[in-house]
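Novice: Give the three-dimensional model of this entry:
(chains A and B)
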Amino acid sequence: MKQSWVDELNAAGAPKCTEVQKGVACFCLEPENLLPSVRKILDLEYYLQDVSAADFQEGYLLTYHFAHFEEPGQAVFRVLISHEEPQIPSISSLYQGAIWHEQECNDFYGIVFTDHPDLKPLLLVPEENLYPLRKDTQSQKSFLDIFPGCKLVEAPPAPEGEESSGDQETAGEETPKKKGTGKAKARKGDDETAQEPGQA
Amino acid sequence: MLHYAQEQLQGDYYTRAFQAGAQEDTLILNMGPQHPSTHGVLRIILELHGEYILRAEPVLGYVHRMQEKMGEVKTYPQYLPNMGRVDYLHALAWNWAYVLAVEELLQLEVPERAEYIRVITCELNRITSHLLWWGAYLLDLGAFTPIMYGFADRERAMDLLQIITGSRLTYCYYSFGGVTADLTPQFIDGTKEFCKYLRTRLPMYKDLVTDNMILRHRVDDIGIIPVDMARRYGVTGPNLRGSGVEHDLRRNTPYSIYDRFDFEIPAYEECDALARYLVRMDEMEESLSIIEQAIDSLPEGPVTPPKMPKVIKPPKGEAYGAVEGARGVIGIHVISDGTATPYRIKLRSPSFSNLSLFAEVSEGILLADAVSILGSLDLVIPEIDR
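Specialist: The predicted structure follows:
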């Protein structure tokens, strides 16, 4: 991404780009800065690749991927919203392609996109609220731990900040066990796939 | 006699929601989920005024398998076979996007020979995908013969891919850092022969079908997708190049070794179904040229990295593997928490974005043209539903 474009986005409310590597520029936004920044990136003629969410200790992380038809690389917007109030403005008035992506996030996580034209279930059964990709507190990991470059985002004041770090340690202890069982399976799977073409 | 509850008579959730906004004196029609032109189980609810479409709404999810959840409970290698089943027509591109993301996380170097093998097989797979699209699209438009030609030629390429991958459709051939099996002399000779053979067939397709007046009337000036609309919906691949934008990841963000080959990016300015048709026909020739160049310069050497970790456990972080599939940009976003299981896998499927514009593009057109537009978008339903 061109430096001048990064500056324009900074001016539009997207805080300084946290990492620029291999042409990927990543911006960590506050929810209220999302729409002005998206409007700016539409002016810069980027197209929407996808909108996705992930469940972390600090809240739901929404990731917006944009790319350009002529320029190489990607622009990434990250927005963190709290578990208690999973609400974010919809960008579908600017990028209509986001309508389905946002419905999908609503299906999987129960995130509410305000001003979305029709936030009904897209892929899952309409009669139930399953939210299959939500994680329980045991398996949630820390967002700042996985993305150390994104310190700019102020994590919402977590009431049990001390406890959550404790959870993380216990979760860390549990995962090696999973790894142990996973390892055996993984090797087996590896061998099978490696052998099949040979046998055929 | 059967008795239905009042609710059942009013249709399911989506029909009821759609009916609520209907005008007077219009017909609500369900096209699919078992309609021949929807190729799989896609359903489109239409509001018709005579033969004209006032409103359309695709209903998804009939083959939804929650691939993203599966990614969170399987280890990295265990998830590889899933990639062959997302898009059954260009499975190797999905294989590639996934291994590309994991290789970036692992900082794994791919041996040169493996890169060449990936290019050859992926392009061969792209040809089989386009051949099937060609036959099926013309079948939608009422021409029965082309699908027979398309399938017969596709069969040859699939036989070749079967020699090295061991499967015919849902390939699981790429592995982290390389490929699972080396090319055989039989495959190399067969592929060279196939390239020559298909070069004689493509002009025949042109004479038989592309220049046919009946086809032209069905596709010319139908389903206009301006560049601005493509941008707002995230349309990529041949559909975008049919709108005159030469955007191809193989050229824009060259992954693997695509910068070493000499090939064109076909693009047409007309933005209609015919332009998208012509882009795919030209792309097959470009793929043939890439395959021939790759086979000619195929280096010797290993096809897997010399040292592989016993357990695939990428460090904390994220990676976005993006490749150019037969339908557009395939993106796989992997977030790793340092364990043997991905923390989150997001699959960005090109058909999903390509279909999302259907509601806008079909407003006010004839019902028969809707079939032509759906076909020209080259949809693969399992890829949309994931």
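
Novice: Now residue 74. Nearest residue, chain neighbours left out?
Specialist: Picking chain A for this. A:V24 (4.7 Å; Cβ to Cβ, 6 or more residues apart in numbering or on different chains). (Glycine included, C-beta is placed from N, CA and C.)

Novice: Correction: the question concerned chain B.
Specialist: B:T341 (6.8 Å).

Novice: sec struct for that neighbour, please.
Specialist: Three-state call for B:T341 (DSSP: H, G, I helix; E, B strand; the rest coil): coil.

Novice: Over to B:L298?
Specialist: Per three-state DSSP, B:L298 ends up coil.

Novice: That one against B:R113, yeah?
Specialist: Yes. Using Cβ atoms under 8 Å, B:L298 is in contact with B:R113, at 6.9 Å.

Novice: Compare the two (neighbour count), which wins?
Specialist: B:R113 (19 against 16; other Cβ atoms under 10 Å in any protein chain shown).

Novice: List phi and psi for the residue nearest to B:K74.
Specialist: phi -120, psi 140 (degrees, to the nearest 10).

Novice: Need the pLDDT of it.
Specialist: For B:T341, the pLDDT comes out at 91.

Novice: What about it, how many residues nearby?
Specialist: 23.

Novice: can you tell me how far it sits from A:Y60?
Specialist: Look at B:T341 and A:Y60: by Cβ to Cβ, to the nearest Å, they are 20 Å apart.

Novice: domain parsing for chain B?
Specialist: With domains defined by automatic domain parsing, chain B comprises B:6-59, B:67-385.

Novice: Would you mind listing what in the stretch 151-300 of chain B touches chain A?
Specialist: Neighbours of chain A within the stretch 151-300 of chain B, by Cβ under 8 Å from any Cβ of the partner chain: B:162, B:164-167, B:172-173, B:175, B:180-181, B:227, B:230-236, B:240, B:245, B:247, B:252-253.

Novice: And the strands in chain B?
Specialist: B:27-31, B:43-49, B:52-59, B:174-175, B:178-179, B:317-324, B:329-336, B:344-348 (DSSP state E).

Novice: With mean neighbour count, distance to B:L105 and mean pLDDT added, can I get those in JSON lines?
Specialist: Converted to JSON lines, these look like this (neighbours: other Cβ atoms under 10 Å in any protein chain shown; distance: least, Cβ to Cβ, whole Å; pLDDT from 0 to 100):
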{"stretch": "strand B:27-31", "mean neighbour count": "15", "distance to B:L105": "42", "mean pLDDT": "86"}
{"stretch": "strand B:43-49", "mean neighbour count": "19", "distance to B:L105": "38", "mean pLDDT": "90"}
{"stretch": "strand B:52-59", "mean neighbour count": "19", "distance to B:L105": "34", "mean pLDDT": "91"}
{"stretch": "strand B:174-175", "mean neighbour count": "26", "distance to B:L105": "15", "mean pLDDT": "90"}
{"stretch": "strand B:178-179", "mean neighbour count": "25", "distance to B:L105": "16", "mean pLDDT": "88"}
{"stretch": "strand B:317-324", "mean neighbour count": "22", "distance to B:L105": "5", "mean pLDDT": "89"}
{"stretch": "strand B:329-336", "mean neighbour count": "26", "distance to B:L105": "5", "mean pLDDT": "92"}
{"stretch": "strand B:344-348", "mean neighbour count": "24", "distance to B:L105": "12", "mean pLDDT": "92"}
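
Novice: which stretches of the chain have low pLDDT?
Specialist: Let's take chain A. For chain A, applying pLDDT under 70 flags the ranges A:13-22, A:149-200.

Novice: think we crossed wires, I meant chain B
Specialist: If you take pLDDT under 70 as the line, chain B has these spans: B:1-2, B:7-9, B:37-38.

Novice: Pick out the residue closest to the middle of it.
Specialist: Closest residue to the average C-alpha location of chain B: B:R327 at 3.6 Å, with Cα atoms, centre = their mean.

Novice: Now for it: which residues touch it?
Specialist: If you count contacts by Cβ atoms under 8 Å, 6 or more residues apart in numbering or on different chains, B:R327 has them with B:87, B:90, B:129, B:236-239, B:350-351, B:354, B:378-380, B:383.

Novice: from those, which is closest to A:Q74?
Specialist: B:T236 (13.1 Å; Cβ to Cβ).

Novice: how near is that closest one to B:L215?
Specialist: Distance from B:T236 to B:L215, counting by Cβ to Cβ: 25 Å.

Novice: quick one, domains of chain A?
Specialist: If you go by automatic domain parsing, chain A breaks into A:3-158, A:162-200.

Novice: separation between the nearest residue to B:A22 once chain neighbours are set aside and B:V119?
Specialist: Among residues not flanking B:A22 along the chain, B:E47 sits closest, at 5.7 Å (Cβ to Cβ, 6+ apart). Counting by Cβ to Cβ, the gap from B:E47 to B:V119 is 46 Å.

Novice: repeat for B:I290
Specialist: Counting by Cβ to Cβ - B:I290 and B:V119 are separated by 7 Å.

Novice: Please enumerate the shared neighbours of the two.
Specialist: B:258, B:261.

Novice: Neighbours of A:D118, how many?
Specialist: 11.
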